[in-house]
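*Asks:* Using only what follows, build the 3D model:
(2 chains)
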Number of protein chains: 2
Amino acid sequence: MKLASLKDGSRDGKLVVVNDRLTYCTEATHIAATLQAALDDWEHAAPKLQVLSESLSHEAVPMIRFHEHDALSPLPRAYQWADGSAYVNHVELVRKARGATMPDSFWTDPLMYQGGSDTFLSPRDPIRMPDPAWGIDMEGEIAVITGDVPMGVSADEARDFIRLVMLVNDVSLRGLIPGELGKGFGFFQSKPSSAFSPVAVTPDVLGDAWKGGKLHLPLHVDLNGEPFGRANGGIDMTFDFGRLIAHAAKSRALGAGTIIGSGTVSNKLNGGPGKSLADGGAGYSCIAELRMIETIEHGEAKTPFLKSGDTVRIEMQDTGGHSIFGAIEQTVETAA
Amino acid sequence: MKLASLKDGSRDGKLVVVNDRLTYCTEATHIAATLQAALDDWEHAAPKLQVLSESLSHEAVPMIRFHEHDALSPLPRAYQWADGSAYVNHVELVRKARGATMPDSFWTDPLMYQGGSDTFLSPRDPIRMPDPAWGIDMEGEIAVITGDVPMGVSADEARDFIRLVMLVNDVSLRGLIPGELGKGFGFFQSKPSSAFSPVAVTPDVLGDAWKGGKLHLPLHVDLNGEPFGRANGGIDMTFDFGRLIAHAAKSRALGAGTIIGSGTVSNKLNGGPGKSLADGGAGYSCIAELRMIETIEHGEAKTPFLKSGDTVRIEMQDTGGHSIFGAIEQTVETAA
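*Replies:* Numbers count the residues shown, from 1 in each chain, chains lettered A, B, ... in the order given. Purely as a prediction, here's the structure:
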């Protein structure tokens, strides 16, 4: 089934079940007022939501048109947002771009940061920043929402706690990252509020594309209407979502509604760095990677980070060409 | 007024107003079901809670005995937990203990990490860890809960968004910190679930002790029933809470219910490192600091980190000797 949180003036929105084609939805507030409430009581709520979803598919319940721009992020605020870096290729490139090397252990021990989860943007909200010199970049990622996960869970067990799958634009401020990471306590100011896809879906919706804790479909990242990235979520993902959840739960339990991100989806090409779509590669899910490739090829980065008016669109299609999660589409607005 | 969240089998507990002496409380669920709900609608809820608090002080409403062990942390889960390191003296000592130097900028630019906020412990919960080699340590701190804070707020403005004050034991796993910080993305596994004081209070309750965004009272930290630390929250706090909130809000708004921590409370002595209480100092709010002093004086640390059966108690008294927030009291349980 597919779930969304409609804007209704409240902080957490109104839970609706959305049909497969994202054209209609039906209110689910009689089952759970909000998505967090459903996740808090998933064993009871999920079967009822599933029945409602089937009724919706038969047009047997009251329906309203579903408009993606009416949706908040599925969890407009969450108790946890932990973002991994499962596509180690991306980590290696970004660190090269910063002039930093990557320890071999990064191929065996997941990298993960604790993100801010109190003020997520809606999927169509602008990215408002005072200063373009902060180096505004998108990061197209896949994310899962978990149930209650016990401390010390194994990677295999962890996959069973995945309740929902969605997309995320993990907005990053490249200009602030080196100074902030240099202080040693990780990201804070360099990771402003993220936005998630209008719809979150249960793994069964994804069919064969969901396998081994990975989502085996291309992530469509467009910049100003042009294709920028089509990297496949199932390729070069060194750590699957089970492994990422287990990493997060090593020393504490995770609460229901925890969001775990994949990190920027990134594919190699023939064992080397990825190429742009025009050059026959899978392209990029963030600008920083392209800038690194440019630096390798031309001695300097040519593509600027996002500036006022630039629009990023992140979406994923099923094998029939239909949008699975709806689109994140954000325009940058800066004062300067 | 003083607020607490009583255990009632739910995830967020039941909001109660507690009397000044922490002996009685009265249900406040007709005003707001949970503390988060009150914070979400503070402008309406706070005046009503204040009236209820005054009625309670006159014993004019139904009362039940307040037992600290019946309380969850005031926010049993929160949308944000961001912990500063405002007592720079502590940062300097802990880094020395790790063999790391401290840049001068740490005296002017606050250090802050994004913590996990989905599964806080209750104030009397045990600290359960599988392996004592993880180096279990307490960190006695002061924390504030904010309302909605706009992005880009100044330090002066930020103080007006402080809704409540409480104490926290920011449990830290010293054995995991060097490896984790070495990866460059900050703390994750080395910061397990924290516990907060049974009661959170509005700043007006603190009277003259709340001044300039700092709490000018000694933090009582006891280890196995013996006084371990009496460092004063108002001394050597380089960055006040207004400054810490402004730091957190540089590139994004903060949601109502955001918790901002002070970092380990730590006092110097005559301009040098603090001394133990027995030696006439203010003692320590974590074991790591004492171990550093031991290393300086004797060439090696003698005091071990927490082991199974050790009990930590963190509390603060008003000038009349009465507990303000109730006590965090946690016993360590390890498998080994």
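*Asks:* neighbours of residue A:270, just the number please.
*Replies:* 8 (other C-beta atoms under 10 Å in any protein chain shown). To be clear about C-beta, it is placed using only N, CA and C from the backbone, and glycine gets the same treatment.
*Asks:* actually residue A:183, sorry about that
*Replies:* Neighbours of residue A:183 under the rule other C-beta under 10 Å: 18.
*Asks:* Leaving out sequence neighbours, find the closest residue to it.
*Replies:* Nearest residue to residue A:183, sequence neighbours excluded (C-beta to C-beta, 6 or more residues apart in numbering or on different chains): residue B:111, at 5.8 Å.
*Asks:* The one you found is in contact with residue B:91, isn't it?
*Replies:* Yes: between residue B:111 and residue B:91 there is a contact under C-beta atoms under 8 Å: 6.2 Å.
*Asks:* Mutual contacts of these two, please.
*Replies:* Taking C-beta atoms under 8 Å, 6 or more residues apart in numbering or on different chains as the contact rule, residue B:111 and residue B:91 both touch B:85, B:263.
*Asks:* Now the closest residue to chain B within the stretch 51-200 of chain A: closest residue in space that isn't a chain neighbour?
*Replies:* Residue nearest to chain B within the stretch 51-200 of chain A: residue A:186 (1.9 Å; C-beta to the nearest C-beta). The spatial neighbour of residue A:186 that comes closest, neighbours along the chain excluded (C-beta to C-beta, 6+ apart), is residue B:186 at 1.9 Å.
*Asks:* Ramachandran coordinates for the residue nearest to residue A:183?
*Replies:* phi -90, psi 140 (degrees, to the nearest 10).
*Asks:* list the buried ones in stretch A:37-46?
*Replies:* A:37-40, A:42, A:45-46 (16 or more other C-beta atoms under 10 Å in any protein chain shown).
*Asks:* That stretch vs chain B: in contact?
*Replies:* Yes: contact of stretch A:37-46 with chain B (C-beta under 8 Å from any C-beta of the partner chain) involves residue A:40.
*Asks:* Chain B contacts on the stretch 101-250 of chain A?
*Replies:* Counting by C-beta under 8 Å from any C-beta, the stretch 101-250 of chain A sits next to chain B at A:103, A:105-106, A:109, A:111-119, A:129-130, A:134, A:152, A:173, A:176, A:181, A:183-190, A:192-193, A:247-248, A:250.
*Asks:* How many residues are close by the residue nearest to residue A:183?
*Replies:* The number of residues near residue B:111, taken as other C-beta under 10 Å, comes to 21.
*Asks:* same question, residue A:212
*Replies:* Neighbours of residue A:212 (other C-beta under 10 Å): 12.
*Asks:* Now do stretch A:281-293: distance to the chain's middle.
*Replies:* Centroid separation for stretch A:281-293 versus its chain: 17 Å, with C-alpha atoms, centre = their mean, to the nearest Å.
*Asks:* which residues touch it?
*Replies:* For stretch A:281-293, the external contacting residues (C-beta under 8 Å, 6+ apart) are A:90, A:93-94, A:96-97, A:137-141, A:172, A:174, A:218-219, A:221, A:223, A:227-232, A:235, A:264-267, A:269, A:273-277, A:301-306, A:314.
*Asks:* Check those for burial and list the buried ones.
*Replies:* A:90, A:93-94, A:96-97, A:137-141, A:172, A:174, A:218-219, A:221, A:223, A:228-232, A:235, A:264-267, A:273-277, A:301, A:305-306, A:314.
*Asks:* does the residue nearest to residue A:186 really touch residue B:114, like I thought?
*Replies:* Yes: using C-beta under 8 Å, residue B:186 is in contact with residue B:114, at 7.2 Å.
*Asks:* what touches both of these two?
*Replies:* With C-beta under 8 Å, 6+ apart as the test, residue B:186 and residue B:114 both reach A:113-114, A:186-187.
*Asks:* Mind telling me what element the residue sitting nearest the centre point of chain A is part of?
*Replies:* Taking C-alpha atoms, centre = their mean as the criterion, residue A:168 is the residue nearest the geometric centre of chain A, at 2.4 Å. Assigned by DSSP states H and E, residue A:168 falls within strand A:162-169.
*Asks:* which strands and helices sit next to that strand?
*Replies:* strand A:140-146, strand A:195-196, strand A:200-201, helix A:241-248, strand A:311-316, strand A:328-334 (3 or more C-beta pairs under 8 Å, 6 or more residues apart in numbering or on different chains; DSSP states H and E).
*Asks:* For residue B:327, which of those is the nearest?
*Replies:* helix A:241-248 (30.2 Å; C-beta to C-beta).
*Asks:* does chain B sit close to the following helix or strand past that closest one?
*Replies:* Sequence order places strand A:259-261 as the next helix or strand after helix A:241-248, per DSSP H and E. No: using C-beta under 8 Å from any C-beta, strand A:259-261 never reaches chain B; the gap is at least 9.9 Å.
*Asks:* quick check, distance from strand A:259-261 to the centre of its chain.
*Replies:* Centroid separation between strand A:259-261 and its chain, computed with C-alpha atoms, centre = their mean, is 7 Å.
*Asks:* And stretch A:232-239, by the same measure?
*Replies:* For stretch A:232-239, the distance to the chain centre is 14 Å (C-alpha atoms, centre = their mean).
*Asks:* Can you give me the end-to-end span of it?
*Replies:* 14 Å (C-alpha to C-alpha, to the nearest Å).
*Asks:* what pLDDT, on average, does that stretch get?
*Replies:* Averaging pLDDT along stretch A:232-239 gives 97.
*Asks:* hey, where'd the helices end up in chain A?
*Replies:* For chain A, the helices defined by DSSP state H occupy A:35-40, A:42-57, A:88-97, A:155-158, A:177-182, A:241-248, A:287-298.
*Asks:* Mean pLDDT lowest where, among those?
*Replies:* helix A:88-97 (a mean of 79).
*Asks:* right, is that helix up against chain B?
*Replies:* No: for a cut-off given as C-beta under 8 Å from any C-beta, helix A:88-97 has no contacts with chain B; the smallest distance is 8.5 Å.
*Asks:* what does that helix rub up against?
*Replies:* Residues contacting helix A:88-97 (C-beta under 8 Å, 6+ apart): A:85, A:101-102, A:106-107, A:111, A:236, A:238, A:263-268, A:273-274, A:285-286, A:288-289, A:291-293, A:295-296, A:301.
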